[in-house]
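**Q** make a model of this:
(chains A and B)
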Amino acid sequence: MDLLFGLLTGVLFGFLLQRGQVLRYDVQLGALRLKDMTIVKFMLSHIMVAMVGIYLLNDLGLVKLSLKATVVGANALGGLIFGLGWGLVGYCPGTSLGAVGEGRLDALAAIAGMLVGAGIFARAYDGLLPTVYTWGNYGKITLAGVLGINHWLVIAILIVAFAAILRFIERKGL
Amino acid sequence: MARQAKGWNPYLAGALSGLVSVGSVWVAGKYLGASTTFVRGAGLAERLYAPDVVTTLAYYLKEKPLIDWQFLFVLGIALGAFIAAKASNDFKVQLVPDTWRARFGDGVGLRALAAFVGGAVAMFGARLADGCPSGHGLSGMSQLAVSGYLAGAGFFAGGILMARLLYRGK
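**A** Numbering: from 1, shown residues only, chains lettered A, B, ... in the order given. Next up, the predicted model:
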C-alpha cells in the first residue's frame, strides 16, 4: 500500500512540476542567475499552503511532524556543496527524474552522477561523523521552538515575508 | 514567451503541489523527499557486483538498499511529468538545454560531463545536509524546521555562486 501511495503521490507531484514548468535546466539556472524566479514562486506557494495544512492537521492530532535534525555544520556546508553542484547540473534530485519524463535526456547523465555521488558519500560518511556532524548539533528544532512563540505566529510572519518576496519579484518582472 | 503559454501559472501549480504534500502526510504519513532514494539506488547497484560493500558500509546499513515509498515517489515524478508533457504537447527530446547551448555550444559530451559531475557534487552535498530541495526545501521549511531554512539558504547561496562563475558577464 505504501508503494502504491508513493507512486500516486509522485505522479501527481511530477504532473504539477511539469505544468509549473520548473523541471527545466533553463528555469533552474534562471533562478540561480536571478533572471527568472519561476521556481521560487512554485516553492514559496507550495510552502505557504503546506505549512498551514500540516500544522492544522498536527494541531488536530491527525498527523505527526517528521523533523530533520539541525546540525549547523552539516546543513550549511552540505547545503552549500549541493548548491555548487546544482548550479552545474541544473536539476535537483527530484526534478532530474521529471526532466527525463519531459524528454530532457541530459538529466540521465545527472541521475548517473547523483548515484555515483551517493556511493562516494557512503564511503566518506564514517570520516565525516566525528567532524562536520558534531558542529552545532541542536537536534530536531523548529523556528517556533527557537523563538519561543506559537507556531501560528511564525506561520503568519512567514506568509507575510514570502508574500513580500513574491511581490518584489513580480514588480521586478522576474 | 512560449514557455508561459504552455505552462500553468507557477503559483497555481505550486499551491496545488502543496495540497498534494499535505494529502500525502495525512493519508500515508509520508513527507516528500527524493535524495535518500539515490542512496538506496546506489546500494542496489553496488549489491550486484560488490555485495559486501552494502553489508559493511555504515551508511548503507543506515539507508538500506530497498524499494520503499520514496523510491516509488521518485519514479512516479518521471511518470507524472511524462503524462503532463504528452497531454499538453510539451514533450521534446533535448540533449543540450537552450541556455547551456547559448553559453557553451551544442556539444553533447561536454553537457553530459557537466551534468554528471554536477549531479555527483549535488548528491554528496544533499546527503551531507540530510536532504535536497524536496526534503529540506519543501517538507522541512513547511514544518518550520530550522534545518530546512539553513539548508535552503545554502542551496541558493551555492547555486548562485556557481551560476555566476559559469555565466559571468552573460
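**Q** check the gap between A:Ala163 and B:Ala78 for me.
**A** A:Ala163 sits 33 Å away from B:Ala78 when distances are taken as CB to CB, to the nearest Å. C-betas here are computed from N, CA, C, even on glycine.
**Q** looking at those two, which is more packed in?
**A** The residue with more neighbours, out of A:Ala163 and B:Ala78, is B:Ala78; 22 against 12, by other CB atoms under 10 Å in any protein chain shown.
**Q** sec struct for the residue most central in space within chain A, please.
**A** Nearest to the mean C-alpha position of chain A, by CA atoms, centre = their mean, lies A:Met43 at 7.8 Å. Secondary structure state of A:Met43, per DSSP: H, G, I helix; E, B strand; the rest coil, is helix.
**Q** what residues are up against it?
**A** B:14, B:133, B:137-138 (CB atoms under 8 Å, 6 or more residues apart in numbering or on different chains).
**Q** compare the residues you listed and tell me which has the most neighbours.
**A** In the contacts of A:Met43, the most neighbours by other CB under 10 Å go to B:Pro133, 31 neighbours.
**Q** related to what we said a few turns ago, and which of the contacts of A:Met43 is nearest chain A?
**A** When those are ranked by distance to chain A (CB to the nearest CB), B:Gly14 comes first, at 3.4 Å.
**Q** and the next helix or strand past the helix or strand that closest one falls within?
**A** Assigned by DSSP states H and E, B:Gly14 belongs to helix B:10-28. Moving toward the C-terminus from helix B:10-28, the next helix or strand (DSSP H and E) is helix B:35-49.
**Q** list the contacts of that next one.
**A** By CB under 8 Å, 6+ apart, helix B:35-49 touches A:93, A:114-119, A:121-122, B:53-54, B:59-60, B:63-68, B:70-71, B:73-74, B:123, B:126-127, B:131-132, B:134-135.
**Q** average pLDDT for that helix?
**A** For helix B:35-49, mean pLDDT is 96.
**Q** can you give me how far it is from the chain middle?
**A** 16 Å (CA atoms, centre = their mean, to the nearest Å).
**Q** only C-alpha atoms, please: export it in CSV.
**A** Provided in CSV are the C-alpha atoms of helix B:35-49 (Å, rounded to 0.1, in the frame of the first residue of the first chain):
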residue,chain,number,x,y,z
SER,B,35,17.6,12.2,-2.2
THR,B,36,17.6,9.2,0.1
THR,B,37,16.3,7.2,-2.9
PHE,B,38,19.6,7.8,-4.7
VAL,B,39,21.5,6.2,-1.8
ARG,B,40,19.2,3.2,-1.9
GLY,B,41,19.6,3.1,-5.7
ALA,B,42,23.4,3.2,-5.5
GLY,B,43,23.2,0.5,-2.9
LEU,B,44,21.0,-1.7,-5.1
ALA,B,45,23.5,-1.2,-8.0
GLU,B,46,26.5,-1.9,-5.8
ARG,B,47,25.0,-5.1,-4.4
LEU,B,48,25.1,-6.5,-7.9
TYR,B,49,28.9,-6.5,-8.1
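**Q** ok, which stretches of chain A are helices?
**A** Per DSSP state H, chain A carries helices over the ranges A:2-19, A:25-32, A:38-59, A:72-89, A:93-101, A:106-128, A:143-147, A:151-171.
**Q** where are the low-confidence patches of chain B?
**A** Applying pLDDT under 70 to chain B flags residues B:1-5.
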